[in-house]
Each structure stands twice: as structure tokens, then as C-alpha cells.
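*Asks:* Turn this into a model:
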Amino acid sequence: MVTSPNTKKLFTIVLAATALAGSATALADDDNEGPGKAIAKLYELQAAFHEAAGGAGVDAATKAEHLQEMLEIWTPDGVLVVGSTVYVGRGEPNSSTCAPGSLTLCDFFQNHAGSFVLGHNWAALTSIARTHFEVNGNMADVYFECHYVDVATGVKMSSASIGLLGQPSTGQARRVKGKWLLSFAEAGAPTLSSGY
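*Replies:* Residues are numbered from 1 along each chain as shown. Model (predicted):
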């Protein structure tokens, strides 16, 4: 089997992300309350976002499963701002609240998000160096990036962020019944450095 440099690089990045997710899970199992445990759970939330977004467009059944997973990591009243469009509330798949123009999170991910387009098999990768969480009780400022790469070709397809780099309060998570969920995000379009 011949592998390209891009494939090797993608494999290395995926291994690093998997190792980090494992470390965050191990930290989250600690019974101590405090910022360290919250940060670990926020890394788990970030990993869940990337897992839901990655590979979501492979086929209709996979898309439906990933859509449900994505909606479950947002608060019921979650808000996502994409450009000048504001999506409010989770919405429900297979209902009018998920239809194009309903302006819910379900509408965005079902009908507009690139990684959810049928036929797209995109890996969702992140730059750990540009990930930031700041915990304030049951609220947290969050910033993380998603760089989407076509699995078949290794070509970068798109980049987005939850929150805007260096701008507090543009990405937020809230702890609800002990679980961290995304509650507000302005979507950004970060650049991916050639060293990534």
C-alpha cells in the first residue's frame, strides 16, 4: 500500500487527537470538583463536537445519527451565529423545526453545514494549540477550531471555529445537571497554518 505525505500527516494528527481525548477522559474520571475537572470535561465536549461533525455526510443513516449527536451537545436554548444568520434552539430532526429556514441548530447542521452534506466524508480535526477554555462556575468561555479534511484525498475542505479567537464570550458552554453543553457560539473562519 502506498501512502502519500498528506495521508501520513493526517494519520499522525488523528493519533495525537485520540491520545489527547484519552487523557481528557482519564482526567474527567477524577472525583475532585474544580477547574481541572471542568477543563477535562470541556475537552470531552470538544471531542464530541468533532466526532459528530466528522464523517457526517457519508450516507443518510450516518447523517441522521451524527445530527442527533450534534444536537445533544448543545443546550436546548443554544444559539449559533453564522455570519449574519442566527440559529436559536436545538430543533428536532424530522420535524418542521429542522426544515430549511426554521433557523434552529437542527436547520443549520441538517441543511447548511458542509460536513453534513451527503457525499462528504470529512474528518474534523482541531488545533490543540489554539484551543482555549476559561471556567467561571457553571459557565465557560470556549474557543476551538475545526479543520475539515476530505478523507479520500487528504485535501483541506473547510475551517470553522466555535467562538472567535481572542474574543471572550463569543463561545460559551454551560454546565447543565453536571454535563457541559455548548450554549452560544459565533462561528469563525480560522486559517490553518502550513505547519499543522
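*Asks:* From now on I want contacts and neighbour counts done on CA atoms only, so please keep to that.
*Replies:* OK.
*Asks:* in which helix or strand would I find the closest residue to residue 161 other than its chain neighbours?
*Replies:* Leaving aside its chain neighbours, residue 161 sits nearest to residue 145 (4.2 Å; criterion: C-alpha to C-alpha, 6 or more residues apart in numbering). Taking DSSP states H and E as the definition, one finds residue 145 inside strand 139-150.
*Asks:* Kindly report the same for residue 185.
*Replies:* strand 179-188.
*Asks:* Report the distance from the strand or helix carrying residue 63 to the chain centre.
*Replies:* Following DSSP H and E, one finds residue 63 within helix 60-72. Once both centres are worked out by C-alpha atoms, centre = their mean, to the nearest Å, helix 60-72 turns out to sit 13 Å from its chain's centre.
*Asks:* For that helix, enumerate the helices and strands it packs against.
*Replies:* The helices and strands touching helix 60-72, judged by 3 or more C-alpha pairs under 8 Å, 6 or more residues apart in numbering; DSSP states H and E, are helix 35-53, helix 105-111.
*Asks:* That one - what's its average pLDDT?
*Replies:* On average, the pLDDT along helix 60-72 is 98.
*Asks:* residue nearest the centroid of this structure?
*Replies:* In the chain, the centroid-proximal residue (C-alpha atoms, centre = their mean) is residue 49; its distance is 3.1 Å.
*Asks:* Quick check: it touching residue 70?
*Replies:* Yes - proximity of residue 49 to residue 70 meets the contact threshold set by C-alpha atoms under 8 Å, at 6.3 Å.
*Asks:* The strand holding residue 145 packs against which elements?
*Replies:* strand 122-125, strand 132-136, strand 156-162, strand 171-176.
*Asks:* Indicate each strand paired with the second one and its parallel or antiparallel sense.
*Replies:* Okay, so that is strand 132-136. Here strand 132-136 has these sheet partners by DSSP bridges: strand 139-150 (antiparallel).
*Asks:* need the helices and strands packed on strand 139-150 in TSV with distance to residue 43, mean pLDDT and mean neighbour count, can you?
*Replies:* Shown next, in TSV, are the helices and strands packed on strand 139-150 (distance: least, C-alpha to C-alpha, whole Å; pLDDT from 0 to 100; neighbours: other C-alpha atoms under 10 Å):
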stretch	distance to residue 43	mean pLDDT	mean neighbour count
strand 122-125	13	93	25
strand 132-136	9	95	17
strand 156-162	13	94	19
strand 171-176	11	97	22
